[in-house]
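Asks: Sequence first, predicted model second:
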Amino acid sequence: MKEYGDELKLQYTNQGFFMSSDATLLQRLRKFVIEEADAQREALERQWSTPLSQRVAKGWAIEGIRILKVDKFLVQMRCYTNQSRFREGDLVVLHRGNPKDPDAIHLDLYYDGGNDLEAGLIRGNPYLLQAEPDGWILDQDWFDTSEFYLAAIDQIADSRRGRSIILPVIQGNLYPQIDYARYQRAREWASHRDLNESQIEAISTSYATNLYHLIQGPPGTGKTLVLAHLSDLLVQEGSRVLITGLTHRAIHNALNKVHQVNANLPVCKIGDQRHAGDLKVPNFETFDESGFGDLNNGYVVGATPFALQTQRLMNVEFDVVIFDEASQVTLTLALMGMLAGNKYIFVGDDKQLPPVTVFAQSKDEVSSIFSLLSGRAQETILDITYRLNDVLTEWPSKTFYGGKLKSSESSRKRRLHLIGEPSRWDIIFDPEAPAVFVDLDHKNATTRSMLEAEIVADLVVSLILRGIPPKEIGVVTPFRAQSRLIRTMLWRMIDDEEIRREIIVDTVERMQGQEREVVLVSLATSSPSFAAQIADFLFSPQRLNVAITRPRTKLILLGSKHVLLSEKYDPELKDRIDMLRDLINFCTNIPLQGGLL
């Protein structure tokens, strides 16, 4: 292996990397981090400088906020009108006219129920909210994380681990080796855990590798269960395991599954208590508070990569680092996590959503760590889905997974179960047609369609009346504007706050990793020229894959075939348009003229 500083040639990959040296790679990454932060800062400054009336009209802000209650970290608010593009998980700022006011209150939006909102306090004086509860404005906020990325890049350059392990792995100059004695031992152990062959193989190879391994988990294939069993096996041999990822939700899901698999394992999360949410294992503010440092045997710790750059987890060493949802983890974020150990397991699916960035001049820096390492023959694909029935499995399997994905025995013949009085939408709900396309034949809609929103809301209410629990219904759409419109329609029809909270209506990005019995996908766009302008977003194969693989028994795709005419505005869209056309043709087509059957 060449030493750091030597010229290292990297063959061109489908991610676009073609670096001449480690130093050049790190320089490019530093440049990307700085430019990404500058782009986000400038975009927010421009947004904040726009007059309030325009920000409200564009969905960038909410005015007339009234504070209902402040309870520790939780802030409950109400507004008269909410046409914002905010969604749960967004960073927002409460102020009285100037978002940059030192007295502004910075929050994490937990719940958006239209007129009622809940958010977690990040920083600011909550007593100001109680003293003057009326007249607040809510704007989008942002937190600059560039210093964490830059610090990690510097550590890569300065540390032996960075120079001798991490950079050679990234550059394609260091490959893992398999210890076959460990491999056989792991297979014997995993074969007694009620796992399928691909899951056993993923666990065994990951356990036996000396460096890294990728586990590709198509929708519903049990990647979190595999991660949990692998963690169990590693801890039993005394390994210190870090589970990390892009989101708190992903980390929580993984830790909860580890606890479910073996409740006797030492498992905790290190992070801010306000993010603990649905976590079923202990949460500590710092590693020192956990007491895990005094344990002589193995353990599992969950944390974001950023925690490794703060006093929460700084300088804490691990034997194995497991990245969940690694297909959404950028290279720069992955480097931060890789500094914590010498062995890495990446769990993800590059056929689902890639990382989201603002500044994307090239694909070099914005590729996920999973995509970068994929194709180097150090990968296991999980090939049995326990979510999708046989019909719902067929199209994504042939389109994205080379026909390898199959539905399990338990899910194969699963069908939608309806009770109650028949509705006028029963032709759409037909259990023997698991995938349907409802063609509303509307024209010239861009990011929102009132007709689609009204039909979707009516379908959701009818599904509830036909016995489908609200928590088992999901609505997915590419656009925040359409998501808001659908919510508005639904809230007019459903008064019960508990039912409202159970129905998820969101964009594709927020639905990855989730599943429901029934999923309605509202395409919204029917303007071919507009669709052509945003083709990279609207016709993204990964976005389409995520949207249609959330349901267990019923997919209801709503839109207008006019969007398929986008090709005439840009012939280069042909392959992507053909993919959407192929999906529509695969579905049972139901024409709906003007909302009428």
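Replies: Sure thing, it's come through.
Asks: pLDDT of the strand ranked longest in the chain, averaged?
Replies: Longest strand in the chain, counting residues (DSSP state E): strand 61-71. Averaged across strand 61-71, the pLDDT comes to 95.
Asks: Quickly run through the sheet partners of it, with directions.
Replies: strand 74-78 (antiparallel), strand 136-140 (antiparallel) (DSSP bridges).
Asks: and D439, what is it in contact with?
Replies: Residues near D439 by C-beta atoms under 8 Å, 6 or more residues apart in numbering: 559-561, 589-592. Using the backbone N, CA and C atoms, a C-beta is placed for each residue, glycine as well.
Asks: For it, name its beta-bridge partners.
Replies: Beta-bridge pairing of D439 under DSSP bridges involves G559, P591.
Asks: F479 versus that one, what's the distance?
Replies: 19 Å (C-beta to C-beta, to the nearest Å).
Asks: picking that back up, could I get the contacts of D439 in TSV, plus columns for neighbour count, distance to A457 and pLDDT?
Replies: Output for the contacts of D439, formatted as TSV (neighbours: other C-beta atoms under 10 Å; distance: C-beta to C-beta, whole Å; pLDDT from 0 to 100):
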residue	neighbour count	distance to A457	pLDDT
G559	24	16	96
S560	24	18	95
K561	16	22	94
N589	14	22	97
I590	18	18	96
P591	12	20	94
L592	19	14	90
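Asks: Quick check: phi and psi at the residue nearest to the spatial centre of the chain.
Replies: Nearest residue to the geometric centre of the chain (C-alpha atoms, centre = their mean): Q512, 4.8 Å. With angles defined as degrees, to the nearest 10, Q512 sits at phi -60, psi 130.
Asks: any idea where the strands of the stretch 351-500 of the chain begin and end?
Replies: Counting by DSSP state E, counting those that start in this stretch, the stretch 351-500 of the chain has strands at residues 379-381, 384-385, 406-407, 435-439, 473-477.
Asks: looking at those, which is buried most?
Replies: strand 473-477 (a mean of 26; mean count of other C-beta atoms under 10 Å).
Asks: helices and strands around that strand, which ones?
Replies: With contacts defined as 3 or more C-beta pairs under 8 Å, 6 or more residues apart in numbering; DSSP states H and E, the packing partners of strand 473-477 are helix 450-465, helix 480-493, strand 504-507, helix 508-511, strand 516-522.
Asks: of all those, which lies closest to A377?
Replies: helix 508-511 (30.5 Å; C-beta to C-beta).
Asks: pLDDT of that closest one, averaged?
Replies: Mean predicted confidence for helix 508-511 is 80.
Asks: Excluding its own residues, what touches that helix? List them.
Replies: Residues contacting helix 508-511 (C-beta under 8 Å, 6+ apart): 87-89, 353, 356, 474, 476-478, 504, 543, 546-547, 550.
Asks: Ok, which of the strands paired with strand 61-71 comes nearest N283?
Replies: The nearest among the strands paired with strand 61-71, by C-beta to C-beta, is strand 74-78 at 16.3 Å.
Asks: who touches the closest one?
Replies: Contacts of strand 74-78 (C-beta under 8 Å, 6+ apart): 65-70, 94, 105, 107, 110, 115-121, 126, 129, 136, 138.
Asks: Which among the residues you listed count as buried?
Replies: 65, 67, 70, 94, 105, 107, 110, 116-121, 126, 129, 136, 138 (16 or more other C-beta atoms under 10 Å).
Asks: will you turn the helices and strands packed on strand 473-477 into JSON lines that also has distance to A208 and mean neighbour count?
Replies: Below are the helices and strands packed on strand 473-477 laid out as JSON lines (distance: least, C-beta to C-beta, whole Å; neighbours: other C-beta atoms under 10 Å):
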{"stretch": "helix 450-465", "distance to A208": "47", "mean neighbour count": "21"}
{"stretch": "helix 480-493", "distance to A208": "44", "mean neighbour count": "21"}
{"stretch": "strand 504-507", "distance to A208": "39", "mean neighbour count": "21"}
{"stretch": "helix 508-511", "distance to A208": "34", "mean neighbour count": "20"}
{"stretch": "strand 516-522", "distance to A208": "37", "mean neighbour count": "25"}
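Asks: Dump those to CSV, plus distance to R182.
Replies: Listed next are those as CSV, based on distance: least, C-beta to C-beta, whole Å:
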stretch, distance to R182
helix 450-465, 49
helix 480-493, 47
strand 504-507, 41
helix 508-511, 37
strand 516-522, 39
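Asks: what's the least confident stretch among these?
Replies: helix 508-511 (a mean of 80).
Asks: can you tell me which of the helices and strands packed on strand 473-477 comes nearest to A535?
Replies: Nearest of the helices and strands packed on strand 473-477 to A535, taken as C-beta to C-beta: helix 508-511 at 15.3 Å.
Asks: Next, give phi and psi for the nearest residue to A433 once chain neighbours are set aside.
Replies: Once flanking residues are discounted, A433 sits nearest to T588: 4.1 Å by C-beta to C-beta, 6 or more residues apart in numbering. Dihedral angles of T588 (phi, psi; degrees, to the nearest 10) stand at phi -70, psi 120.
Asks: for T588, what are its contacts?
Replies: Contacts of T588 by C-beta under 8 Å, 6+ apart are 430, 433, 435-437.
Asks: Enumerate every residue touching H275.
Replies: 120, 248, 283.
Asks: separation between the last one and I270?
Replies: For N283, the distance to I270 under the criterion C-beta to C-beta works out to 8 Å.
Asks: and the two? which has more neighbours close in?
Replies: For N283 versus I270, neighbours defined as other C-beta atoms under 10 Å are more numerous around I270 (25 against 20).
Asks: What is the neighbour count of the nearest residue to that one once chain neighbours are set aside?
Replies: Leaving out its chain neighbours, the residue that sits closest to I270 by C-beta to C-beta, 6+ apart is A303, at 4.4 Å. If you count neighbours by other C-beta under 10 Å, A303 ends up with 26.
Asks: ok, now the one 3 residues further on?
Replies: By the measure other C-beta under 10 Å, the count of residues near F306 is 19.
Asks: Who are the contact partners of it?
Replies: 145, 148, 336 are the contacts of F306 under C-beta under 8 Å, 6+ apart.
Asks: Quick check: the gap between the last one and I369.
Replies: It refers to M336. Taken as C-beta to C-beta, the span from M336 to I369 is 11 Å.
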